[in-house]
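J.: here is my input; please provide its structure:
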Amino acid sequence: MTVFFQLAVTAALALAVVAGTIAYFRAVRTARPPVGVFNGRDIFMMMGFVLALPYVYLALPGAVLPVVLALVFAGGLSVGYQPLIGNGRLRWTLITLLIASVLAAHLAFGETAPPYWVANSCVVGLVVVSATNLNVQGGMKLQNVAWFLLALAAYDAFFAWVVPLTQELADAVQGYPYAPAAGLRIGEDLGAVIGMGDLLAYALFTTTAYKAYGRPGLRTGIALVVLFGAVAPVAALHLIAAATGDAPGIIPAQVFFGPAAFTAYQVLRRRGPERRMADIVFRRDRAEAPRQAPVRAEARPAA
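T.: Model prediction:
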């Protein structure tokens, strides 16, 4: 029962976030920042930010951590959905209601109740959708994402099995609202949780693959999310528990997804160079393009 619950929840959440990211990508155009193109130095800076962020969280007092996370969520929602909701007052009203719903559900039902996890998962999913599109539409390529995910796989493995930083961060947010994760818990027995970073990895790869190679890239991304983002980590968790009699604390999903995504990129790149945002024309863009009036031949007087 537990394994099927975890598989269903993990796959459903991952695919829902990916679907929302693709829908946003097709419908909304974000303002491109004047940063040029992504390169190896940008990936190095991103990894530095990823490395430093857990230490910043752990350095904060326990009661301050949820406040910081709530502000980070609110800022991400405001920037990401400004092109969709231009009215600043309306946008911040909706964001405030979303953030407040997480706190209200936590206070009313507790951190293991489904209402809290549904509200928190909605906020986390919306933040991932906006952050993904800001990066992808801002110039990030599939090549950049593939190398980033490969480095992230090594990072997650090291800080899960060598230096237990991931477990320390998970323990630090216990008992507080605004967990940087999505999932569903029903009491103490059933639970399935996906980290916000994992959701961002799935959305980044699938969206950049779609931008770069169209439908083949989209199908590849969805297959990898299901197989290596949901099935492989959950199966490994239960197989190790059955073989050793002791369930491991953390199985980093990126250990499976990162190498698979990098391999998939090597296969997709054989299709040719990646498409840019300027190369993509959706049906909505064609419908909004001004139509040229047909040229009519002028009537000539009869000879």
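
J.: could you report the neighbour count for Gln6?
T.: Close neighbours of Gln6, defined as other CB atoms under 10 Å, add up to 22. The C-beta positions use only the backbone N, C-alpha and C, and glycine is treated the same way.

J.: list the residues that contact the closest residue to it other than its chain neighbours.
T.: Once flanking residues are discounted, Gln6 sits nearest to Ala192: 4.2 Å by CB to CB, 6 or more residues apart in numbering. Taking CB atoms under 8 Å, 6 or more residues apart in numbering, we find Ala192 in contact with 5-6, 8-10, 183-185.

J.: pLDDT score for Leu77?
T.: Looking at Leu77, its pLDDT is 91.

J.: does it sit in a helix or strand, and which one?
T.: In this structure, Leu77 sits in helix 64-80 according to DSSP states H and E.

J.: ok now that helix, how far from the chain's centre?
T.: Offset of helix 64-80 from its chain centre (CA atoms, centre = their mean, to the nearest Å): 16 Å.

J.: what does stretch 174-188 contact?
T.: 9, 13, 17, 62-63, 65-66, 69-70, 73, 102-103, 106, 111-114, 116-118, 120-121, 123-125, 173, 190-197, 199.

J.: buried subset of these, written for ChimeraX?
T.: Here is the ChimeraX selection string for the buried members of these, based on 16 or more other CB atoms under 10 Å:
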select :9,13,17,65,66,69,70,73,102,103,106,111,116,117,120,121,123,124,125,173,191,192,193,194,195,196,197,199
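
J.: okay but Phe25 is in contact with Ala209, surely?
T.: No - the pair Phe25 / Ala209 is not scored as a contact, 11.4 Å apart, by CB atoms under 8 Å.

J.: would you map the helices across the stretch 151-300 of the chain?
T.: 165-172, 196-213, 215-224, 232-244, 254-268, 283-288 (DSSP state H, counting those that start in this stretch).

J.: right, so of those, which gets closest to Ser78?
T.: Ranking the helices of the stretch 151-300 of the chain by proximity to Ser78 (CB to CB) places helix 196-213 first, at 17.3 Å.

J.: helices or strands up against the closest one?
T.: Here helix 196-213 touches helix 2-27, helix 114-136, helix 142-161, strand 181-186, helix 215-224, helix 254-268, going by 3 or more CB pairs under 8 Å, 6 or more residues apart in numbering; DSSP states H and E.

J.: how does it look with 7 Å?
T.: helix 2-27, helix 114-136, helix 142-161, helix 215-224, helix 254-268 (3 or more CB pairs under 7 Å, 6 or more residues apart in numbering; DSSP states H and E).

J.: who touches Trp99 in this structure?
T.: Just to correct that, residue 99 is Ile rather than Trp. 70, 73-74, 123 (CB atoms under 7 Å, 6 or more residues apart in numbering).

J.: again, only using 10 Å
T.: Shown in contact with Ile99 (CB atoms under 10 Å, 6 or more residues apart in numbering): 69-71, 73-74, 77, 119, 123, 177-178.

J.: Asp279 versus that one, what's the distance?
T.: Here the criterion is CB to CB, to the nearest Å. By it, Ile99 lies 37 Å from Asp279.

J.: tell me the buried residues in stretch 196-214?
T.: The neighbour-count check on stretch 196-214 (16+ other CB under 10 Å) flags 196-213 as buried.

J.: kindly reformat the helices and strands packed on helix 196-213 as CSV containing mean pLDDT.
T.: Output for those, formatted as CSV (pLDDT from 0 to 100):
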stretch, mean pLDDT
helix 2-27, 93
helix 114-136, 93
helix 142-161, 90
helix 215-224, 96
helix 254-268, 96
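
J.: can you tell which of those is closest to Val234?
T.: Taking these one by one with CB to CB, helix 2-27 is closest: 4.8 Å.

J.: same for that closest one, what does it pack against?
T.: Applying 3 or more CB pairs under 10 Å, 6 or more residues apart in numbering; DSSP states H and E, one finds that helix 2-27 makes contact with helix 114-136, strand 181-186, strand 190-195, helix 196-213, helix 215-224, helix 232-244, helix 283-288.

J.: wait, what's in contact with the residue nearest to the spatial centre of the chain?
T.: In the chain, the centroid-proximal residue (CA atoms, centre = their mean) is Leu200; its distance is 2.4 Å. Residues counted as contacts of Leu200 (CB under 10 Å, 6+ apart) are 17, 21, 124, 127-129, 131-132, 135, 152.

J.: could you redo the last one with a cut-off of 8 Å?
T.: Contacts of Leu200 by CB under 8 Å, 6+ apart are 128, 131-132.
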